[in-house]
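Enquirer: Let's see this in three dimensions:
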Amino acid sequence: MTNRQVEHEISVQAGARDVYRLLAEVENWPRLFPPSVYVEVLEREADQERIRIWATANGEAKNWTSIRELDPEGLRITFRQEVSAPPVASMSGTWVIEPRGERETRLRLLHEYRAIDDDPEGLQWIDEAVDRNSREELPGVKAGLEEATRTEELTLSFVDDVTVNGSAKDLYDFVNEANLWTERLPHVNEVKLTEDTPGLQVLRMETLTKDGSAHTTESVRVCFPHHKIAYKQTTLPALMKLHTGYWTFEEGPDGVTTAASQHTVVINAENITRILGPDAGVSEAREFIRNALGNNSRATLGHAKDYAEARR
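Expert: Residues are numbered from 1 along each chain as shown. Okay, here's the model as predicted:
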C-alpha cells in the first residue's frame, strides 16, 4: 500500500496567529474557501473535533465528515476524511502556519493519500484532483485571510426576527419550499430549485428590490428539518464579494416560534461608486445592503408568519 505525499504553499500578508485562528474556527470557512457552503462541528473534545463540511464541487453540492487535530502552540491543523469517496482509499493532510514577520505568513498545505487497491489510474486521478484543487484553493484562502484581517469595515452581519403563533415546521416548510416563492412572495420574480440530494438545494432566483431593479442570484442551501436552513450565494450582486446566511426556527414550549434571518456580507468596495453614485462610500454601501437584504428577509418572514398562523 503506497501513500503519496504532496505539498503546496502560498505567502499570506497577515499575522500567523490570525491565520491560525481563522482556519481553526470552522464558522469562517464559507468566507475563506470559495467552495465551502456550511460547516458544522459534530463533536469536540480538547484539541480534537469531528466536523461535517458541505461544499460545491463541479457545480454540485457535496458533504463529508473530517476529523481535525488542532495544535495552537505549533500552529498546525491536521485533518483526515472519515470516509473517503472512490477512488480515494484514505486522505489526510496538515495546514502548517509559519510566521515570516509580523504581517507575513508562509502557509503550507500537505496531503497524504492512497488509491483503492493502489490502482495507478485511480492514483493519477487523485494526483490531478489534489493538485488542481490545492492550486485553486490556496489563492482563494490567501485572499479570504487577507481580507478578513484587513477589512472589518467592509464586513457586516445582522439578524431580523419575528415571533409567530405557529409551529417551527410550518415556518420551515415555507422557507424550504422555495420553488413556490413566485406564488407566495411578491418580491420573487422567477425561481428554479434543484434538490438532487435531500436537504441539499441549489436555488436560482430573480428578486426585485424596492426601487424596482431586478437581481439574479444563485445559492447553495443546506436544510436541517425543521430548525435551520444555511446558505451561501454562489452568484452575487455586484456590490457583494460574499453573502452567507441562515434561517432559524425555534419553537418554545408554549407553541410560539421565533423565526430569524441572519446575513453576513463582505462588500465589494470597487463597485460602490458605480452602483451607488460618485459620492457614495463604505457607510452608504453598508446602509444600502442592510436595507435591501433586510427588507426582503422581513417580507419573507412576514409571509411565513401569515402562512404558519393560518395553519394553526
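
Enquirer: Output the below-cut-off pLDDT ranges for this protein.
Expert: Within the chain, the ranges that satisfy pLDDT under 70 run 1, 58-59.

Enquirer: in it, which spans are helices?
Expert: Using DSSP state H, the helices found in the chain span residues 16-24, 29-32, 120-150, 168-176, 181-184, 272-276, 282-310.

Enquirer: Now distance to R114 and mean neighbour count too, for those, in TSV please.
Expert: Glycine gets a C-beta too; all of them are placed from N, C-alpha and C. Listed next are the helices of the chain as TSV, based on distance: least, CB to CB, whole Å; neighbours: other CB atoms under 10 Å:
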stretch	distance to R114	mean neighbour count
helix 16-24	25	19
helix 29-32	26	22
helix 120-150	8	16
helix 168-176	39	22
helix 181-184	46	15
helix 272-276	49	15
helix 282-310	45	17
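
Enquirer: my guess is R68 contacts F79, does it?
Expert: Yes - using CB atoms under 8 Å, R68 is in contact with F79, at 4.9 Å.

Enquirer: re the thing from before, any idea which of the helices of the chain gets closest to K232?
Expert: K232 sits nearest to helix 29-32 of all the helices of the chain, at 5.1 Å, using CB to CB.

Enquirer: Quick check: chain neighbours aside, which residue is closest to T258?
Expert: Counting by CB to CB, 6 or more residues apart in numbering, T258 lies nearest to E250, which is 4.9 Å off, once chain neighbours are set aside.

Enquirer: so what's that neighbour up against?
Expert: Counting by CB atoms under 8 Å, 6 or more residues apart in numbering, E250 touches 168, 227, 257-258, 260.

Enquirer: Then N179?
Expert: Here N179 is in contact with 191-193 (criterion: CB under 8 Å, 6+ apart).

Enquirer: Buried ones only from those, please, as a ChimeraX command.
Expert: The ChimeraX selection below is limited to those of these classed as buried (16 or more other CB atoms under 10 Å):
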select :191,193
